[in-house]
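Asks: Sequence plus the predicted model coming up.
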There are 2 protein chains.
Amino acid sequence: MNTTGAPPARPPVAPSAADRAYAYIKGEILARRFDPQDLLSEGQLAEAVGASRTPVREALLRLQGEGLVRLLPKRGALVLPVTVDEMADVMETRRLVESFAARKVLSHQPSVPLGPVLDSHLEAMRAAMQAHDVAAYVRADRDFHLAIVAATGNEIITSLYRSLRERQLRMGTVNLLDGTGTHVDPARMRATLAEHERIRDTLRARRADAAVKAIGAHLDHAESTLGRRS
Amino acid sequence: MNTTGAPPARPPVAPSAADRAYAYIKGEILARRFDPQDLLSEGQLAEAVGASRTPVREALLRLQGEGLVRLLPKRGALVLPVTVDEMADVMETRRLVESFAARKVLSHQPSVPLGPVLDSHLEAMRAAMQAHDVAAYVRADRDFHLAIVAATGNEIITSLYRSLRERQLRMGTVNLLDGTGTHVDPARMRATLAEHERIRDTLRARRADAAVKAIGAHLDHAESTLGRRS
DNA sequence: GCTGCCCAGCATGCATGTAACATAGATACA
DNA sequence: TGTATCTATGTTACATGCATGCTGGGCAGC
């Protein structure tokens, strides 16, 4: 029974062993505690996550579907490196999807107004910036963009976009870090925030071309600071 | 979702039990021998495919990633119905991707010329039409479009597009069938072929706007004849 | 020193056993 | 009649055993 009365957490009751394994492995990969080219074995992972090999295998299968690992027969699960090509593909696809979303959203009156949603995400970004909470900042950033895409109502495109952002996570939070890759760059954060505000403003004014342009500029900036590795 | 995920590389020699199960289940669903809303059980499928439940489970996981089934905990695998919304999403996404592909392909000289490839697919379509081989016709049609998208060199978009065409398969080969849904409509076939030729011609002439228009018209036709069910 | 072969060790792919859980239908009761 | 409860049945979720296949390293032969 849910004594709090609050809406139940993500998994209504109990996260399955497979879910735990999935979250664990994915977290380790994204946090770069598993390096690209590493060969993971089901047995080790099973022990680490405290389950048997079966749910671990299930998790690896899902991760393979997402392109994070590749299952080599009788060898193990290879953590795939992020290639330059993949990075370019991700950014190009983001450009395509976000531009499309902006235009579609402005092509007719939305059922629920987008403005307040964007505002709330912007507010979260501001708060995270002041609190120097990079993780929260990145999350709010992602939610902002996702809200625009989700407003298209196209579930295929929306779930594609979600997977894009996840892949991008693997490329590091670097675009918010300074040159050393270890500290947050406040200037970059402020600039990013301003870019988001511009996107919201153009959308609110229903200026499609300007919105697409603002999005393009934002992605240009993101891309130019991407790929710096410590 | 398996937006990223092209189906894992095909084993060169021996198809694994999981692959066999995957092919079997998918085939049954696409051929509509499993109806939407059906609840499949791992045990039954395992017996049908002549393997144990483990590889069947693996196959169901992959199919869930592709959006063909949904695994209900402790219940079974639900064959998802194709909704009107999904159909619209697929077509909208095809429109977006194919228009993008046409423009990108024309934006610079390709490393390998696209023309001959398109010609060969067109030839295959013609041959299939004369042989009244609908399956081959549909395959050549799909390859034609896929070639354009693949020419972008963007693997994310290409594998998304692949999954789109597979989803569309579920909506039936109906757009090539006549009103009864049982016989091939030669007129529709000829018209489709002409539309493809027009797309090739505009691409060859490097007229981007015209190509996008031709693609849009083609998809309009496809969409207008879609959704007829027997 | 170099090449090729062989084998031990490790990791998977699949089969199967077990227990828990969700549902449907029967049953008891107001 | 309508409703709540109980139980029988079917199905998964997970654990584990077994056989197979891949790989790396050592050793014989040159």
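Replies: That came through, no problem. Numbering: from 1, shown residues only, chains lettered A, B, ... in the order given.
Asks: count of neighbours near whichever residue of chain A sits closest to DNA strand D?
Replies: DNA strand D sits closest to A:Ser52 of chain A, with a gap of 2.7 Å, by CB to the nearest atom of the strand. In short, each C-beta sits where N, CA and C put it, glycine included. A count of nearby residues for A:Ser52, using other CB atoms under 10 Å in any protein chain shown, gives 14.
Asks: Looks like it contacts A:Gly43 (just checking).
Replies: No - with contact defined as CB atoms under 8 Å, A:Ser52 does not count as touching A:Gly43 (9.6 Å).
Asks: residues contacting whichever residue of chain A sits closest to DNA strand C?
Replies: Closest to DNA strand C within chain A is A:Glu42: 3.4 Å, counting by CB to the nearest atom of the strand. Taking CB atoms under 8 Å, 6 or more residues apart in numbering or on different chains, we find A:Glu42 in contact with A:Arg53, A:Val56, A:Arg57, A:Leu60, A:Gly76, A:Ala77.
Asks: If we use 6 Å, what do you get?
Replies: A:Arg53, A:Val56, A:Arg57 (CB atoms under 6 Å, 6 or more residues apart in numbering or on different chains).
Asks: For chain A, which residues are neighbours of DNA strand D?
Replies: Taking CB under 7 Å from any atom of the strand as the contact definition, chain A meets DNA strand D at A:16-18, A:46, A:51-55, A:58, A:72-75.
Asks: Which single one of those is nearest to A:Ala127?
Replies: A:Ser16 (33.7 Å; CB to CB).
Asks: element containing the nearest residue to that closest one once chain neighbours are set aside?
Replies: Nearest non-adjacent residue to A:Ser16, counting by CB to CB, 6 or more residues apart in numbering or on different chains: A:Pro55, 7.0 Å away. Using DSSP states H and E, the element containing A:Pro55 is helix A:53-65.
Asks: give me the low-pLDDT residue ranges for chain A?
Replies: Where chain A drops to pLDDT under 70, the residues are A:1-13, A:172-184, A:226-230.
Asks: State the distance from the residue nearest to A:Pro186 when sequence neighbours are not counted to chain B.
Replies: Distances taken as CB to CB, 6+ apart put A:Met129 closest to A:Pro186, at 7.6 Å, once the chain neighbours are dropped. Taking CB to the nearest CB, to the nearest Å as the measure, A:Met129 falls 30 Å from chain B.
Asks: For A:Met129, the count of nearby residues, please.
Replies: 20.
Asks: Find the centremost residue of chain A, please.
Replies: A:Arg165 (3.1 Å; CA atoms, centre = their mean).
Asks: Please tell me I have it right and that residue contacts A:Arg142.
Replies: Yes - counting by CB atoms under 6 Å, A:Arg142 is a contact partner of A:Arg165 at 5.2 Å.
Asks: now for the longest helix that chain A contains, which elements pack on it?
Replies: The longest helix of chain A (DSSP state H) is helix A:84-107. Packing partners of helix A:84-107 (3 or more CB pairs under 6 Å, 6 or more residues apart in numbering or on different chains; DSSP states H and E): helix A:155-170, helix A:208-224, helix B:155-170.
Asks: Nearest to B:Leu68, out of these?
Replies: helix B:155-170 (7.3 Å).
Asks: So which bits of the closest one are buried?
Replies: B:155-168, B:170 (16 or more other CB atoms under 10 Å in any protein chain shown).
Asks: Same question for stretch A:15-28.
Replies: Buried residues in stretch A:15-28 (16+ other CB under 10 Å): A:Ala17, A:Ala18, A:Asp19, A:Arg20, A:Ala21, A:Tyr22, A:Tyr24, A:Ile25, A:Lys26, A:Glu28.
Asks: Make CSV from the residues you listed and add distance to DNA strand C and secondary structure to it.
Replies: Shown next, in CSV, are the buried residues of stretch A:15-28 (distance: CB to the nearest atom of the strand, whole Å; DSSP: H, G, I helix; E, B strand; the rest coil):
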residue, distance to DNA strand C, secondary structure
A:Ala17, 12, helix
A:Ala18, 14, helix
A:Asp19, 14, helix
A:Arg20, 15, helix
A:Ala21, 12, helix
A:Tyr22, 15, helix
A:Tyr24, 15, helix
A:Ile25, 11, helix
A:Lys26, 16, helix
A:Glu28, 15, helix
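Asks: of those residues, closest to B:Ala211?
Replies: Using CB to CB, the buried residues of stretch A:15-28 come closest to B:Ala211 at A:Lys26, 40.1 Å.
Asks: ok, the nearest residue to that closest one once chain neighbours are set aside to A:Ala18 distance?
Replies: Of all residues not flanking A:Lys26 in the chain, A:Leu63 sits nearest, at 6.3 Å (CB to CB, 6+ apart). Note on A:Leu63: its distance to A:Ala18, by CB to CB, to the nearest Å, is 11 Å.
Asks: Next: A:Ala208.
Replies: 43 Å.
Asks: how about the residues of chain A that lie near DNA strand C?
Replies: So far as CB under 7 Å from any atom of the strand goes, chain A lies against DNA strand C at A:13, A:40-44, A:53-54, A:57, A:71, A:73-77.
Asks: Let me know the closest of the buried residues of helix B:155-170 to A:Glu123.
Replies: Using CB to CB, the buried residues of helix B:155-170 come closest to A:Glu123 at B:Ile156, 31.6 Å.
Asks: Correct me if wrong: that closest one contacts A:Thr93.
Replies: Yes - between B:Ile156 and A:Thr93 there is a contact under CB under 6 Å: 5.0 Å.
Asks: Get me the contact residues on chain A for chain B.
Replies: A:61, A:65-67, A:89, A:92-93, A:96, A:100, A:154-157, A:159-160, A:163 (CB under 6 Å from any CB of the partner chain).
Asks: Count residues in the vicinity of A:Ser224, would you?
Replies: 10.
Asks: list the contacts for it?
Replies: Neighbours of A:Ser224 in contact, by CB under 6 Å, 6+ apart: none.
Asks: Could you report the separation of it from A:Ala191?
Replies: 11 Å.
Asks: shared neighbours, those two?
Replies: In contact with both A:Ser224 and A:Ala191: no residue, using CB under 6 Å, 6+ apart.
Asks: Next, work out how far apart the nearest residue to A:Thr158 once chain neighbours are set aside and chain B are.
Replies: Leaving aside its sequence neighbours, A:Thr158 sits nearest to A:Ala150 (CB to CB, 6+ apart; 5.0 Å). Taking CB to the nearest CB as the measure, A:Ala150 falls 13 Å from chain B.
Asks: And for A:Arg200?
Replies: Distance of A:Arg200 to chain B, given as CB to the nearest CB: 23 Å.
Asks: Nearest residue to that residue in space, ignoring adjacent ones along the chain?
Replies: In space, A:Arg200 is closest to A:Leu118, 4.6 Å off (CB to CB, 6+ apart).
Asks: thinking the one you found is in contact with A:Asp201, fair?
Replies: No - applying CB under 6 Å as the test, A:Leu118 and A:Asp201 come out as separate, 9.8 Å apart.
Asks: of those two, who's got more company?
Replies: A:Leu118 (23 against 14).
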